[in-house]
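> Give me the fold of what follows.
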Amino acid sequence: MSNTYQKGLKGEEIAVEYLERNGYRILEQRYRFERAEVDLVCFDEPRPGHPGYIVFVEVKSRRTSSFGKPEDSVTEAKQRSIIKAAAAYLYESKMERALSRFDVIAIDLSGGQPEISHFKNAFDASDAYAD
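Numbering: from 1, shown residues only. Reported below is the predicted structural model:
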């Protein structure tokens, strides 16, 4: 197992704990469709003034800032891949009409404690296909 892969798993573990603490229910981890993948599929429970959402989460973690912020690595190509996996998940789960969104969780592992940044609605399907 590569160090990068293990770092990714550690980042996902931290993200799962964070999301669960914040009321999200984890539905799926590392969902794959063909070559597309989304790290986490969650349900953000409904509450007053907020409908429930299926949330597709991309987790990015870094041990150093040498290559920029973790969230900066969610490129348009990566977004298209996540959107493809999300569409397949919604179709397979018969939830095509469900409200959904795309979040990014960036985790900075350079200090003692992980620093977590949660970007809700980080992108949408039209962003990834805009000219």
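> so which helix or strand takes in the spatially most central residue of the chain?
Centroid-nearest residue in the chain, with Cα atoms, centre = their mean: V57, separated by 1.5 Å. With secondary structure defined by DSSP states H and E, V57 is part of strand 53-62.
> quick one: strands adjacent to that strand?
For strand 53-62, the pairing partners within the sheet under DSSP bridges are strand 36-44 (antiparallel), strand 100-108 (parallel).
> Can you list the neighbours in contact with the last one?
By Cβ atoms under 8 Å, 6 or more residues apart in numbering, the residues outside strand 100-108 that reach it are 11, 14-15, 18-19, 53-62, 65, 69-71, 74, 79, 82-83, 86, 90, 114-124. Quick note: C-beta positions are derived from backbone N, CA and C, even for glycine.
> Pull out the buried residues from the helix or strand following it.
Following strand 100-108 in sequence order, the next helix or strand is strand 115-123 (DSSP H and E). Residues 116, 122-123 are the ones in strand 115-123 that count as buried (16 or more other Cβ atoms under 10 Å).
> Lowest-scoring secondary structure element of this protein by mean pLDDT?
Lowest by mean pLDDT, DSSP states H and E among the helices and strands of the chain is helix 125-128, with a mean of 68.
> ok, then the element right after the strand holding V57?
Downstream of strand 53-62 (by DSSP H and E), the next one is helix 76-92.
> related to what we said a few turns ago, including mean neighbour count and distance to I26, could the strands paired with strand 53-62 go into JSON lines?
Output for the strands paired with strand 53-62, formatted as JSON lines (neighbours: other Cβ atoms under 10 Å; distance: least, Cβ to Cβ, whole Å):
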{"stretch": "strand 36-44", "mean neighbour count": "20", "distance to I26": "6"}
{"stretch": "strand 100-108", "mean neighbour count": "22", "distance to I26": "12"}
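> and the ones you listed as a markdown table, adding distance to R30 and mean pLDDT?
A markdown table is the format used below for those (distance: least, Cβ to Cβ, whole Å; pLDDT from 0 to 100):
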| stretch | distance to R30 | mean pLDDT |
| --- | --- | --- |
| strand 36-44 | 6 | 96 |
| strand 100-108 | 14 | 95 |
